[in-house]
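1. Structure here, sequence nowhere to be found:
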C-alpha cells in the first residue's frame, strides 16, 4: 500500500529545485515575508520598519517599479510622531492654533479646521479626546500639482479613507489646508489611538513610502498620469540642478563600499542622464572620474546637495519677500544665517518678515534688512521659544553663547568651598558685599537648569546640590536651549523708522544719536534709510529745544532721553486715566508696588506693566516673565527709575525677578 501514496512536489515542470532552481516553497515564503506575513520564517535582517499596522501594504507599495513612480504625480508627505506626555499637550494646542493662523487661505483668511465628515471641525473637542493619548501623528501633504485643485478637502479625505483601509482601523483626525506658499498643502493631525482606544502604531515603511504612494495614486487618478515626455523633460532638468535629485538618489543606491559607481546603464536615456549628472557633480567637486565610465562620489555628497537645495530655496524666499514689500536690494547683498552657516557677529536691522522654514517641526526664520546694507535670512528656531516681533520693528540678533556664564562660575566656586552646596544664605555668607537680589539671580539660573536638563537638584529647604561638573552641565543647558532658539533676539524698537521721526518718546534713533558707542551704519540699503532718518530726527529735536546746532556740530541736552521718556509717560498716563477712570500714581525709587497686573503698555521709550488698585494705577518697567502673571496679584520694589525687583511667590528662595 505504501507504493500507492502520492506526494505532490510543487514547482516548474522537470525542475528538481536545489541548485537547478529555487523551490516553489521558498518563493512562497519570500513573497509572504515581503508582504509582511510570517516574519518569523523570513531570513531578512530585522530593521523594525515592519512593526505596526500596514507594514505589508508599505512593503508592497515601496517595491513598485521605479519608472512607474516617475509616471505618477509627485506628492511629498512629511511625517512626525509627537509625544503628548509632559508638556506635549501644550505644544499640541499651540500647533493647532498656529496652523489655523491668519493669512493661510487663498483669500488671506485664517485656516479652517475640518475632519472626515465636518467642514468646520471643533479643535478643542479634538484635543479633549486626545487628552491622555501617548502620542499624536502630524502629516504635511503637498502635491506637486496641488495648485490645480480649487479645494484640497476631497483629496485629504480620500487619502485618509484609504489609510483607514490599509491600517484596518478608523482614524480620528482633523486637517487645515494652506495656500500661502507656492505649493498648496494640507496639515493633518491624527490621534495616536485606534478605534478600540489602543495605541496606534503605524509601520515605518508605510509612513515613509506607503502614504506617499497612496496620495500619488489619488492625484494621478484626478489629473492623469504623467506622459513619457513630461517624465523625460523633468529628468533632463535635474541634470544641472544644484540640489539633491532623483538621479543622485539612484546613483547612491548603487554605490559600493569604495564609493565607486558606473555611468553605464542598459537604457540609453538613463545612461545619458547618469553621465550628464556625473559631469555636473564633477564641476561641483562632488565626483571624480577614476577611469573612463567609473566615478568615485565624495563622502557627504547627499548632505552637501541637500544644503545647496536649501540655500537655493532660501534665496528664492528672500527674492519673493523683498518683492512683496517693494524693497529693492542687490542679490549680492543677500546673506544666509542658518544652522549650517551661522553669523558670529550681531545683526541690527529692520524686520522684513517672519516665516516658517519647517512647518512640521515649527522652525521659524526672520528676514532682516541690516544697517550694514546686507539683507539676511536668519533661522531663529522654534516659534514657541521666540517672542513675536512685528514687521518694520528694529531688532538686535546675536548668536547664543554656549559657554558657562559668570553666574555659573560663582555658583561652582561657592559650592566648592561649602561641601557642594549652594543657597542664598551660603552666598551672602561667602560674599558679604553681595545683595539678596544678586543671589536670587543665581537661584533663578539654577531653577532654569533644573527644569530643562535635570542637571541640578534642590532640597526641600531651598539648598542646591552642586556637583563638581557643574560648569559642564551649564554648557549642556545652553546647548539644549540652543536647539530651540539658536539666536537671541532683542527688540530695540517696535516702531518703524517713519514712526520714530516725530515720536514724543525716547526712540532707538535718539539713543543712537547720543550713544557713546553708536552702531556703524553703512551708506547703502537700509543703512542709508537710517542715516536719512537720523538727519530728520535731529531737526525735530532741535525744533523741540532738546538739541542745538553749533557750526558743524549738534549739541544734545544731557537730560534729553530722560525728558522724552517722562514726556511720553505723562501723556500715556493721562490717556489711561481717562480710559480707566482711575487716578495715576507715579512710583518712586525704593517704593513698593502692589496690585493686579492688568496688561502691558508699549511705548516708544520702553514697555510698561499696568498695575491696578481699587482707586488708582501705576506704570512700571515690564519684564517678559510677567506675561504669565496677567490678571494676578503681584508685588515688587522699585530699585530706580528703570528697574524693579518683582517678588512672585513670597516664600524664601522662591522666584524673584530683578
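-> Okay, I see it. As the structure is a prediction and not an experimental result, all values here were calculated from the model. Numbering: from 1, shown residues only.

2. Next secondary structure after the helix or strand encompassing residue 189?
-> Under the criterion of DSSP states H and E, residue 189 resides in strand 185-191. Heading C-terminal from strand 185-191, the first helix or strand you meet, by DSSP H and E, is helix 204-205.

3. Give the other helices and strands that the following helix or strand past that following helix contacts.
-> Later in the chain than helix 204-205, the nearest helix or strand by DSSP H and E is helix 211-223. Secondary-structure packing of helix 211-223 (3 or more Cβ pairs under 8 Å, 6 or more residues apart in numbering; DSSP states H and E): helix 55-62, helix 66-71, strand 75-83, strand 135-143, helix 153-167. To be clear about C-beta, it is placed using only N, CA and C from the backbone, and glycine gets the same treatment.

4. ok and the last one relative to strand 185-191, angle-wise?
-> Direction vectors for helix 153-167 and strand 185-191, defined by axes from the mean of the first three to the mean of the last three Cα atoms, to 10 degrees, enclose an angle of 40 degrees.

5. Okay, buried residues for helix 153-167 please.
-> 155, 156, 157, 158, 159, 160, 162, 163, 166, 167 (16 or more other Cβ atoms under 10 Å).

6. so how far is residue 195 from the last one?
-> With distances defined as Cβ to Cβ, to the nearest Å, the gap from residue 167 to residue 195 amounts to 10 Å.

7. I'd like the helices and strands packed on helix 211-223 as JSON lines, with distance to residue 480 appended.
-> Output for the helices and strands packed on helix 211-223, formatted as JSON lines (distance: least, Cβ to Cβ, whole Å):
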{"stretch": "helix 55-62", "distance to residue 480": "34"}
{"stretch": "helix 66-71", "distance to residue 480": "40"}
{"stretch": "strand 75-83", "distance to residue 480": "16"}
{"stretch": "strand 135-143", "distance to residue 480": "22"}
{"stretch": "helix 153-167", "distance to residue 480": "35"}
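
8. rank those by pLDDT, which is bottom?
-> With a mean of 55, helix 66-71 has the lowest mean pLDDT of the helices and strands packed on helix 211-223.

9. which ones are touching the residue nearest the centre of the chain?
-> Nearest to the centroid of the C-alpha atoms of the chain, with distances taken as Cα atoms, centre = their mean, sits residue 363, at 1.1 Å. Residue 363 makes contact with 356, 357, 379, 381, 382, 383, according to Cβ atoms under 8 Å, 6 or more residues apart in numbering.

10. tell me the pLDDT at the third one?
-> Read that as residue 379. For residue 379, pLDDT reads 90.

11. burial of it, as a residue count?
-> Residues near residue 379, counting by other Cβ atoms under 10 Å, number 20.

12. what do you get for the fifth one?
-> Around residue 382 sit 17 other residues, with neighbours defined as other Cβ under 10 Å.

13. For it, which non-adjacent residue is closest in space?
-> In space, and not counting its chain neighbours, residue 382 is closest to residue 484: 4.4 Å by Cβ to Cβ, 6 or more residues apart in numbering.

14. Any stretches of the stretch 251-400 of the chain with poor pLDDT?
-> The stretch 251-400 of the chain contains residues with pLDDT under 70 at 339-343, 360, 384-385.

15. ignore the last one, the stretch 101-250 of the chain
-> Using pLDDT under 70, the stretch 101-250 of the chain has no residue that qualifies.

16. Show me the one of the helices and strands packed on helix 211-223 that comes nearest residue 114.
-> Closest of the helices and strands packed on helix 211-223 to residue 114 is helix 153-167, at 5.9 Å (criterion: Cβ to Cβ).

17. correct me, but residue 620 touches residue 587?
-> Yes: judged on Cβ atoms under 8 Å, residue 620 makes contact with residue 587 at a distance of 5.8 Å.

18. Comparing the two, which residue is more hemmed in?
-> Higher neighbour count among residue 620 and residue 587: residue 620, with 22 against 18, using other Cβ under 10 Å.
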